[in-house]
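Colleague: Dropping a prediction and its sequence here:
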Amino acid sequence: PTPGAAPDSGTRWRRQRAAGAGLLLLYCYLGNMCFMKEITRSQTGVRLESRLLKVLKALATELDLSLGDLLEGIVLHAFEGKAPFSTATMKKIRALKAVYGLDLTARDSHQLREAHEHGR
(Lines give C-alpha, C1' and ligand atoms only; values in the text may rest on other atoms or scores of the structure.)
Protein backbone atom coordinates (compact mmCIF):
# COMPACT_ATOMS: atom_id res chain seq x y z
CA PRO A 1 0.00 0.00 0.00
CA THR A 2 1.02 3.58 -0.50
CA PRO A 3 0.42 6.65 1.59
CA GLY A 4 -2.90 8.15 0.61
CA ALA A 5 -4.27 4.83 -0.58
CA ALA A 6 -7.00 3.01 1.28
CA PRO A 7 -5.16 1.18 4.07
CA ASP A 8 -5.38 -2.56 4.56
CA SER A 9 -6.93 -3.71 7.80
CA GLY A 10 -4.44 -3.05 10.56
CA THR A 11 -2.41 -0.62 8.48
CA ARG A 12 -2.17 3.05 9.45
CA TRP A 13 -0.19 5.51 7.35
CA ARG A 14 1.19 8.75 8.74
CA ARG A 15 4.12 10.73 7.36
CA GLN A 16 6.57 12.59 9.55
CA ARG A 17 9.99 13.87 8.75
CA ALA A 18 12.62 12.27 10.98
CA ALA A 19 14.69 15.03 12.56
CA GLY A 20 17.36 16.02 10.03
CA ALA A 21 17.85 12.44 8.87
CA GLY A 22 16.32 12.69 5.39
CA LEU A 23 14.02 9.82 6.29
CA LEU A 24 10.28 9.47 6.32
CA LEU A 25 8.77 7.79 9.35
CA LEU A 26 5.71 5.76 8.53
CA TYR A 27 3.49 3.96 10.97
CA CYS A 28 2.45 0.88 9.10
CA TYR A 29 1.43 -2.73 9.48
CA LEU A 30 -0.17 -2.88 12.90
CA GLY A 31 1.62 0.17 14.27
CA ASN A 32 5.22 -0.83 13.52
CA MET A 33 7.41 2.11 12.61
CA CYS A 34 9.03 2.05 9.17
CA PHE A 35 11.82 4.41 8.21
CA MET A 36 11.90 5.20 4.51
CA LYS A 37 14.94 6.83 2.94
CA GLU A 38 14.34 9.94 0.93
CA ILE A 39 15.85 9.66 -2.56
CA THR A 40 16.09 11.51 -5.86
CA ARG A 41 14.92 9.69 -8.98
CA SER A 42 16.04 10.33 -12.56
CA GLN A 43 13.91 9.92 -15.66
CA THR A 44 15.47 7.46 -18.09
CA GLY A 45 14.78 6.23 -21.58
CA VAL A 46 15.80 2.60 -21.16
CA ARG A 47 14.92 0.31 -24.07
CA LEU A 48 13.64 -3.18 -23.22
CA GLU A 49 12.42 -6.14 -25.24
CA SER A 50 8.73 -5.46 -25.83
CA ARG A 51 7.31 -8.70 -24.35
CA LEU A 52 9.55 -8.35 -21.32
CA LEU A 53 8.25 -4.82 -20.79
CA LYS A 54 4.65 -6.03 -21.07
CA VAL A 55 5.28 -8.68 -18.40
CA LEU A 56 6.99 -6.16 -16.12
CA LYS A 57 4.16 -3.62 -16.49
CA ALA A 58 1.51 -6.28 -15.85
CA LEU A 59 3.42 -7.57 -12.80
CA ALA A 60 3.79 -4.05 -11.42
CA THR A 61 0.04 -3.60 -11.80
CA GLU A 62 -0.63 -6.94 -10.08
CA LEU A 63 1.64 -5.93 -7.18
CA ASP A 64 0.23 -2.38 -7.00
CA LEU A 65 3.64 -0.85 -7.73
CA SER A 66 4.90 1.56 -10.31
CA LEU A 67 7.14 0.07 -12.98
CA GLY A 68 10.05 2.09 -11.54
CA ASP A 69 9.48 0.75 -8.02
CA LEU A 70 9.37 -2.81 -9.36
CA LEU A 71 12.60 -2.37 -11.30
CA GLU A 72 14.35 -0.71 -8.33
CA GLY A 73 13.34 -3.63 -6.12
CA ILE A 74 14.57 -6.22 -8.62
CA VAL A 75 17.92 -4.47 -9.06
CA LEU A 76 18.50 -3.85 -5.34
CA HIS A 77 17.79 -7.53 -4.60
CA ALA A 78 20.10 -8.60 -7.45
CA PHE A 79 22.90 -6.34 -6.17
CA GLU A 80 22.75 -8.24 -2.88
CA GLY A 81 22.48 -11.65 -4.52
CA LYS A 82 18.93 -12.12 -3.22
CA ALA A 83 15.90 -13.48 -5.04
CA PRO A 84 13.46 -10.60 -5.58
CA PHE A 85 10.26 -12.64 -5.80
CA SER A 86 8.26 -14.94 -3.57
CA THR A 87 6.95 -18.29 -4.81
CA ALA A 88 3.50 -16.76 -5.32
CA THR A 89 4.93 -13.90 -7.38
CA MET A 90 6.97 -16.34 -9.48
CA LYS A 91 3.72 -18.16 -10.26
CA LYS A 92 2.21 -14.84 -11.46
CA ILE A 93 5.31 -14.19 -13.57
CA ARG A 94 5.05 -17.60 -15.26
CA ALA A 95 1.39 -16.91 -16.08
CA LEU A 96 2.17 -13.43 -17.45
CA LYS A 97 5.05 -14.78 -19.55
CA ALA A 98 2.63 -17.26 -21.12
CA VAL A 99 0.03 -14.54 -21.78
CA TYR A 100 2.56 -12.29 -23.51
CA GLY A 101 4.54 -15.06 -25.23
CA LEU A 102 7.78 -14.24 -23.42
CA ASP A 103 10.09 -17.18 -24.05
CA LEU A 104 13.39 -15.47 -23.19
CA THR A 105 15.46 -16.79 -20.29
CA ALA A 106 18.56 -15.66 -18.41
CA ARG A 107 20.66 -17.57 -20.96
CA ASP A 108 19.42 -15.15 -23.62
CA SER A 109 20.70 -12.06 -21.81
CA HIS A 110 23.48 -10.14 -23.58
CA GLN A 111 22.74 -12.18 -26.73
CA LEU A 112 19.76 -10.24 -28.04
CA ARG A 113 19.70 -8.03 -31.11
CA GLU A 114 16.92 -5.92 -32.53
CA ALA A 115 15.03 -7.28 -35.55
CA HIS A 116 16.20 -4.45 -37.83
CA GLU A 117 19.87 -5.30 -37.11
CA HIS A 118 19.92 -8.55 -39.18
CA GLY A 119 22.15 -7.02 -41.86
CA ARG A 120 24.82 -5.82 -39.45
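Modeller: Here it is on my side, so go on.

Colleague: Please make it C-alpha for all contacts and neighbour counts, starting now.
Modeller: OK.

Colleague: Now His77: closest residue in space, sequence neighbours ignored.
Modeller: In space, and not counting its chain neighbours, His77 is closest to Pro84: 5.4 Å by C-alpha to C-alpha, 6 or more residues apart in numbering.

Colleague: Got the confidence number for the one you found?
Modeller: Listed pLDDT for Pro84 reads 95.

Colleague: list the contacts for it?
Modeller: The contact partners of Pro84, by C-alpha atoms under 8 Å, 6 or more residues apart in numbering, come to 73-74, 77-78.

Colleague: at 7 Å instead, please
Modeller: 73-74, 77 (C-alpha atoms under 7 Å, 6 or more residues apart in numbering).

Colleague: Which residue ranges of the chain form strands?
Modeller: Secondary structure of the chain (DSSP state E): strands located at 15-17, 23-28, 32-37.

Colleague: gap between the residue nearest to His77 and Met90?
Modeller: 10 Å (C-alpha to C-alpha, to the nearest Å).

Colleague: Let me see the mean pLDDT of stretch 62-69.
Modeller: Averaged over stretch 62-69, pLDDT sits at 94.

Colleague: where does this protein have low pLDDT?
Modeller: For the chain, applying pLDDT under 70 flags the ranges 1-34, 117-120.

Colleague: repeat that for 90
Modeller: Within the chain, the stretches with pLDDT under 90 are 1-39, 115-120.

Colleague: just the helices in it please.
Modeller: Here the chain has its helices, by DSSP state H, at 50-62, 67-79, 87-100.

Colleague: and Arg113, how far is that from Pro84?
Modeller: In terms of C-alpha to C-alpha, Arg113 sits 26 Å off from Pro84.

Colleague: Same check on His116?
Modeller: Distance of His116 to Pro84, given as C-alpha to C-alpha: 33 Å.
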